[in-house]
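Enquirer: task: produce atomic coordinates for the following.
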Amino acid sequence: MDKELLDAGYRVYTGEKIDVYFNTTLCQHSGNCVRGNSKPFNLKRKPWIMPDNVESTVVQQVIDTCPSGALKYRTK
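Expert: Model (predicted):
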């Protein structure tokens, strides 16, 4: 886990090959994540981020479209 991101207010969603970090206060609700791929990002589910539902490269590609920086990732 990335202590710097956790200290900055991010919550971690742990996966086997990738960890996803989300900071709700930074989120601008562009919807790029859920529109990008609803398998790992689904607001109707708890937890709403499940990094292992698709290949880690897909998760990275979706997170790279986040305009606010609310979503970050660390590969393992």
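
Enquirer: hang on, V12 packs against Y21?
Expert: Yes. Between V12 and Y21 there is a contact under Cβ atoms under 8 Å: 5.5 Å. Yep, even glycine has a C-beta here, placed from its N, CA and C like the rest.

Enquirer: overlap of the contact sets of the two?
Expert: Counting by Cβ atoms under 8 Å, 6 or more residues apart in numbering, the contacts common to V12 and Y21 are D2, L5, L6.

Enquirer: what is the nearest of the residues you listed to K17?
Expert: Minimum distance to K17 across the shared contacts of V12 and Y21 is 15.2 Å, recorded for D2 (Cβ to Cβ).

Enquirer: from Y73, how far out is the closest one?
Expert: Note on D2: its distance to Y73, by Cβ to Cβ, to the nearest Å, is 10 Å.

Enquirer: now do the contacts for N53.
Expert: For N53, the contact set (Cβ under 8 Å, 6+ apart) comprises K39, P40.

Enquirer: tell me the pLDDT of it.
Expert: Per-residue pLDDT puts N53 at 97.

Enquirer: dump the longest helix seen in the chain to PDB, restricted to CA.
Expert: Across the chain, the helix with the greatest residue count (assigned by DSSP state H) is helix 56-63. Taking C-alpha atoms only, helix 56-63 is exported to PDB below (Å, rounded to 0.1, in the frame of the first residue of the first chain):
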ATOM      1  CA  SER A  56      -5.000  -4.800 -14.400                       C
ATOM      2  CA  THR A  57      -4.100  -3.000 -17.700                       C
ATOM      3  CA  VAL A  58      -7.800  -2.300 -18.300                       C
ATOM      4  CA  VAL A  59      -8.100  -0.800 -14.800                       C
ATOM      5  CA  GLN A  60      -5.000   1.400 -15.500                       C
ATOM      6  CA  GLN A  61      -6.400   2.600 -18.800                       C
ATOM      7  CA  VAL A  62      -9.700   3.700 -17.200                       C
ATOM      8  CA  ILE A  63      -8.000   5.400 -14.300                       C
END
